[in-house]
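> Turn this into a model:
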Amino acid sequence: MSHSRFVHLSLLTLLALFHAGCAPSTPSQTVVGKWQTGIKDKKSTMTFADNGVWTFEAGKLKETGTYKFVEDNKIEIQVKVPSEAPPLVYKRTLFFSHHDQMNSTDADTGFRTTWRRVEEE
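I've put the predicted structure just below:
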């Protein structure tokens, strides 16, 4: 066996072992954390807790609620509203291009927003 073929096979074996050791990451696991979009004083922040609680802040606007995945990458956010108000549910499709970057697309309007993960303060 030539030296280059041996190195190639060794690298393939290591790659397979590395991949097998990585925990699978699903959108429901990846979404947990604090996400931000916008610049300077026009930032919006969403936080997804692992217990299903959701919060949103954009300037003076603050919303809270709960979220659940209805499909692998589709989420519904039930916003807390006064009892006399009609229910408010956001429906989004999420795509993670990196564990620290999330794109959300509104199911009704098709509007897409790019979010970046931020560290908890």
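> What segments of the chain are strands?
In the chain, the strands defined using DSSP state E lie at 33-37, 44-48, 53-58, 61-71, 74-79, 88-98, 101-106, 112-118.
> Now tabulate the ones you listed in JSON lines and tack on distance to Pro27.
In short, each C-beta sits where N, CA and C put it, glycine included. Below are the strands of the chain laid out as JSON lines (distance: least, Cβ to Cβ, whole Å):
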{"stretch": "strand 33-37", "distance to Pro27": "12"}
{"stretch": "strand 44-48", "distance to Pro27": "10"}
{"stretch": "strand 53-58", "distance to Pro27": "14"}
{"stretch": "strand 61-71", "distance to Pro27": "7"}
{"stretch": "strand 74-79", "distance to Pro27": "8"}
{"stretch": "strand 88-98", "distance to Pro27": "5"}
{"stretch": "strand 101-106", "distance to Pro27": "9"}
{"stretch": "strand 112-118", "distance to Pro27": "13"}
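> wait, which of these is closest to Ser25?
strand 88-98 (8.1 Å; Cβ to Cβ).
> And that closest one, what's buried?
Using 16 or more other Cβ atoms under 10 Å as the test for burial, strand 88-98 gives 90, 92-94, 96.
> cool, and stretch 34-54?
Quick answer for stretch 34-54 (16+ other Cβ under 10 Å): 34-35, 37, 45-48, 54.
> Farthest pair within these?
Spatial extent of those (Cβ to Cβ) is set by the pair Thr37 and Trp54 at 15.1 Å.
> Redo the buried residues of stretch 34-54 as a markdown table? Include pLDDT.
Listed next are these as a markdown table, based on pLDDT from 0 to 100:
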| residue | pLDDT |
| --- | --- |
| Lys34 | 97 |
| Trp35 | 97 |
| Thr37 | 97 |
| Thr45 | 97 |
| Met46 | 97 |
| Thr47 | 97 |
| Phe48 | 97 |
| Trp54 | 98 |
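> Could you point out which of those residues is nearest to Ser28?
Of the buried residues of stretch 34-54, the one sitting nearest to Ser28 (Cβ to Cβ) turns out to be Phe48, at 9.3 Å.
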